[in-house]
Structure formats: C-alpha cells, structure tokens
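Q: based on what follows, work out the 3D shape:
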Amino acid sequence: MLDDELYRGAYGIGAEFGHMRAVPEGHLCGCGIRGCFEQYASGNALLRHAREAIHASPDIAKNLLARGDGTIEGLTGRQVTAAAQDGDTVAIAAFNTTGQWLGALCASLVAALDPEAIVIGGGVIDAGDILLTPTRDSMNRLIPFTGKRPAPVIVPATLGNDAGLVGVADLARR
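A: You can find the predicted model right below:
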C-alpha cells in the first residue's frame, strides 16, 4: 500500500518483492529468472529446505518423513508445519532457514521503502511465530541504521493464504 492505495506500478505488476533477485544463478523461479527470494522464502522454499535436510540426514528426519507417505517427495508443507509445532528439530530448522531468507528480504524492503509495517501472507503464515520469530530476528539483525529509528513490525496477513484472492476480488469491484 502506498498512500492508502494498492501500488500496482506502471504495468500492473509493481511490488512483486518475492521476485527480487537474492542469489545470482540460484534456483530457477516460475517467473523465468534465477535466484528470486520466492525460491528461498516461501512455502515451496520451506519444503525444499526440509527435503534437503532430510536428504542430508535421513536418520535424524525419520519422524518428519513418517508424517507423509515415507518419501521425501510425499512430504507437504502442512506436515512440515505440524512437525515444527510438535517440536521436530528438522522441521524447525527448515522454518529457521526460510525465516532467515524472509527476514533478509524484509531488511531490503526496509532499506528501500522505510515501511511502518510488513504484512506476511501465503499459506506458510499459518505456522505463526515458528516462521515470524526467525524472520523478525533476521530482519532486525540486517536492517540498516539499527537504533536510529524504529524497526517496522512484521505481522501475519489476517486473511492468510486467501489475502491475494480477496484483494483481487476487491479490485474487481472498483
């Protein structure tokens, strides 16, 4: 939002912050470029982080694997979230990695836009503080001018994963 209006940019795709490049020649994104934050700080990224940890240490990840069909490919984001809520260390580590990347994105946005608040949506936000705590910690560690001004608050979107759909429907009414 900019001056209480949805910022859409010159061609209607403004504020696609998840598609800012974080890792040169990183993972290929659906938008066509490599290394978007979306590939490191999203629900799909959470699954990638969990699957990489399982692949690296399958013995440690037996509990997490058992929540799905027993295969790495059969694991879902909801299962990783439930495991993290139950204290599974591999699932919590996947959230910590995702939160570190999301916090880095937030810190970049703070440097560029100096927002009062950052609202995080999408399905992964259902994890609440399991995601938001490492995100806030990362952002606060990485924002420029720490101590010179208040850091923005990071809050979950009240509509969760439906926020985008509700927003589009609202725009269509106008």
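Q: next, give phi and psi for Val119.
A: Main-chain dihedrals, Val119, degrees, to the nearest 10: phi -100, psi 120.
Q: who's it bridged to?
A: In this entry, Val119 is beta-bridged to Val155, by DSSP bridges.
Q: any weak-confidence spans in the protein?
A: 160-165, 167-168, 170-171, 174 (pLDDT under 70).
Q: list the buried residues of the longest helix along it.
A: In the chain, taking DSSP state H as the definition, the longest helix is helix 89-113. For helix 89-113, the neighbour count (16 or more other Cβ atoms under 10 Å) marks 90-110 as buried. No exception for glycine: its C-beta is placed from N, CA and C like everyone else's.
Q: repeat for stretch 117-135
A: So stretch 117-135, judged by 16+ other Cβ under 10 Å, has buried residues 118-127, 130-132, 134-135.
Q: alpha carbons of that stretch, as PDB, please.
A: What follows is stretch 117-135, C-alpha atoms only, in PDB (Å, rounded to 0.1, in the frame of the first residue of the first chain):
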ATOM      1  CA  ALA A 117       4.800  -2.400   9.000                       C
ATOM      2  CA  ILE A 118       5.400  -5.500   6.800                       C
ATOM      3  CA  VAL A 119       2.400  -7.900   6.300                       C
ATOM      4  CA  ILE A 120       3.300 -11.500   5.500                       C
ATOM      5  CA  GLY A 121       0.700 -13.700   3.800                       C
ATOM      6  CA  GLY A 122       0.500 -17.000   2.000                       C
ATOM      7  CA  GLY A 123      -0.100 -20.500   3.300                       C
ATOM      8  CA  VAL A 124       3.200 -20.700   5.200                       C
ATOM      9  CA  ILE A 125       2.000 -17.900   7.500                       C
ATOM     10  CA  ASP A 126      -0.300 -20.500   9.200                       C
ATOM     11  CA  ALA A 127       2.900 -21.500  11.200                       C
ATOM     12  CA  GLY A 128       2.700 -18.200  13.100                       C
ATOM     13  CA  ASP A 129       5.700 -17.500  15.300                       C
ATOM     14  CA  ILE A 130       7.500 -20.600  14.100                       C
ATOM     15  CA  LEU A 131       8.100 -18.600  10.900                       C
ATOM     16  CA  LEU A 132       7.700 -15.000  12.200                       C
ATOM     17  CA  THR A 133      10.300 -15.200  15.100                       C
ATOM     18  CA  PRO A 134      13.300 -16.100  12.800                       C
ATOM     19  CA  THR A 135      12.000 -13.700  10.200                       C
END
